[in-house]
Structures are given as structure tokens and as C-alpha cells.
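Student: What would the 3D arrangement of this be:
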Amino acid sequence: MQLPSLTALLAEYTTALEYTDDLWKDLTQEEIAWRPDVNSSSIGWHLGHQPVVAHFMVRNLTAAEPTIDARFDAMMDSATAEPERDPVPPLHVIDKFRSDVAKRVRFRVGNINRGHVGAPTQLRSIATVMMTSIINHEYQHSKWIGEVRNKQFGHDLPEVPTSDLLSDLDGYAIIQLGEVG
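Tutor: Alright, predicted model coming up:
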């Protein structure tokens, strides 16, 4: 089986980010911050968690670079228990953080794709699986964001993106790199 190219994965990453934006950009700060109880996560937490994980993977698997925002890293880490997660930042802060991380992901993976790194073939292999994981994680949390958007607040859902790379697995848009065994 031929793995997707980094160029195709970068395009799918953009689509996944745009889909997430369609799910939250018209919501209010109150809707973004809403939690049914202290042991649940808000939409805002998911919006911060997606890029925290993406940047963690990029900076630990492909290029040593500093964190963009250590406060986000701590607050948006799944290991931080829900009751200990700070209130979510304002929408413009979340949006900027998501944008900053996306720029770093595109920069690092773009360099790998162009071969502007040491061990370009090895890093291309790592980046292919990493980008697949980042995209799948983005779609995973977008599904949960969409469920709250629709069921709690009654907002319509945009169409889930389709592409040659995506399939449906248990109701989630996902890139499968092979058969799950």
C-alpha cells in the first residue's frame, strides 16, 4: 500500500483545521467555555488540546523547538484532570494559538517534504505517520466539538469533509494507513 504524500497530508491538515473552525468560529465565549460539570471538558479545551498535541508531536518527533505557550501545554494536556483545568482563554487567544501551531506544523513538515533536514528519508517516514495522527486527532476532537455544538446548543453542523484520504471508522473521519487488526 502506498502511503499518502506529505503534500497530500498537509492539504488534508488544512481541511481538518478549516472544518474545526466551521464548528466553533460562530459560537460565543459562553458556548466555548460551557461544561456540563466539573468532570467534563469544554469546547474550548478541545480547541486548545488539538494544537497542543500537534505541536508536542512535531517538536518531539521531528525538530527540537521550544513550546509556544507552556500555560496552554499544561492546561490542555489530557493528563491534567478535568477539575484542575483552568477556565478557557478568550476566543481570540485560542484562535491565535491554533494558528501559531499550524504555522509551525506546516513549516517543519514543509522542510521535511523538501528534504531540507538531516536524514530526509527517515524523517519523511516519521512525518507521514505523525501527520496522519495529527489529522486523525483533529477530526476526533472535532466530532466531540460538533456533538456539543449540535446537541447542547442546537447549532447546525457543517458537512464532514470528504477526500480520497478519508474514510469513516466508527463514525469518525479518519485516515487509515492499513487494515486495523
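Student: counting contacts, what elements does the helix or strand where residue 149 lies pack onto?
Tutor: For residue 149, the host element (DSSP states H and E) is helix 120-151. Contact here means 3 or more C-beta pairs under 8 Å, 6 or more residues apart in numbering; DSSP states H and E; on that basis helix 120-151 packs against helix 6-24, helix 43-61, helix 91-113, strand 172-175. Where you see a C-beta, it was placed from the backbone N, CA and C, and this is true even at glycine.
Student: Lowest mean pLDDT among the helices and strands of the protein, which one is it?
Tutor: Least confident helix or strand of the chain, by mean pLDDT, DSSP states H and E, is helix 70-75 with a mean of 90.
Student: Would you mark the buried spots in that one?
Tutor: Going by neighbour count (16 or more other C-beta atoms under 10 Å), the buried part of helix 70-75 is 72-73, 75.
Student: Quick one: end-to-end distance for stretch 149-169.
Tutor: 21 Å (C-alpha to C-alpha, to the nearest Å).
Student: Show me which residues of that stretch are buried.
Tutor: If you call a residue buried by 16+ other C-beta under 10 Å, then stretch 149-169 has these buried ones: 149, 155, 161, 165-166.
Student: I'd like those laid out as TSV, including distance to residue 51.
Tutor: Listed next are the buried residues of stretch 149-169 as TSV, based on distance: C-beta to C-beta, whole Å:
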residue	distance to residue 51
149	19
155	22
161	18
165	21
166	20
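Student: So which of those sit within strands?
Tutor: Among those, the members found in strands (DSSP state E) are residue 166.
Student: Which one of the buried residues of stretch 149-169 is nearest to residue 113?
Tutor: Within these, the smallest distance to residue 113 is 15.8 Å, found for residue 165 (C-beta to C-beta).
Student: quick one, phi psi at the closest one?
Tutor: Main-chain dihedrals, residue 165, degrees, to the nearest 10: phi -80, psi -30.
Student: For stretch 140-157, which outside residues touch it?
Tutor: If you take C-beta atoms under 8 Å, 6 or more residues apart in numbering as the criterion, stretch 140-157 is touched by 16, 19-20, 23-24, 26-27, 31, 34, 36, 43, 46-47, 49-50, 171-174.
Student: mind checking how far that stretch is from the chain centre?
Tutor: 16 Å (C-alpha atoms, centre = their mean, to the nearest Å).
Student: Stretch 119-126 now?
Tutor: Worked out by C-alpha atoms, centre = their mean, stretch 119-126 lies 22 Å from the chain centre.
Student: pLDDT of it, averaged?
Tutor: Average pLDDT, stretch 119-126: 96.
Student: Using PDB, write out every CA atom in that stretch.
Tutor: The C-alpha coordinates for stretch 119-126 follow below in PDB (Å, rounded to 0.1, in the frame of the first residue of the first chain):
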ATOM      1  CA  ALA A 119      18.100  12.100   7.300                       C
ATOM      2  CA  PRO A 120      15.300  13.300   4.900                       C
ATOM      3  CA  THR A 121      14.000   9.800   4.100                       C
ATOM      4  CA  GLN A 122      13.800   8.700   7.700                       C
ATOM      5  CA  LEU A 123      12.100  12.000   8.800                       C
ATOM      6  CA  ARG A 124       9.700  11.700   5.800                       C
ATOM      7  CA  SER A 125       8.600   8.300   7.100                       C
ATOM      8  CA  ILE A 126       8.200   9.700  10.700                       C
END
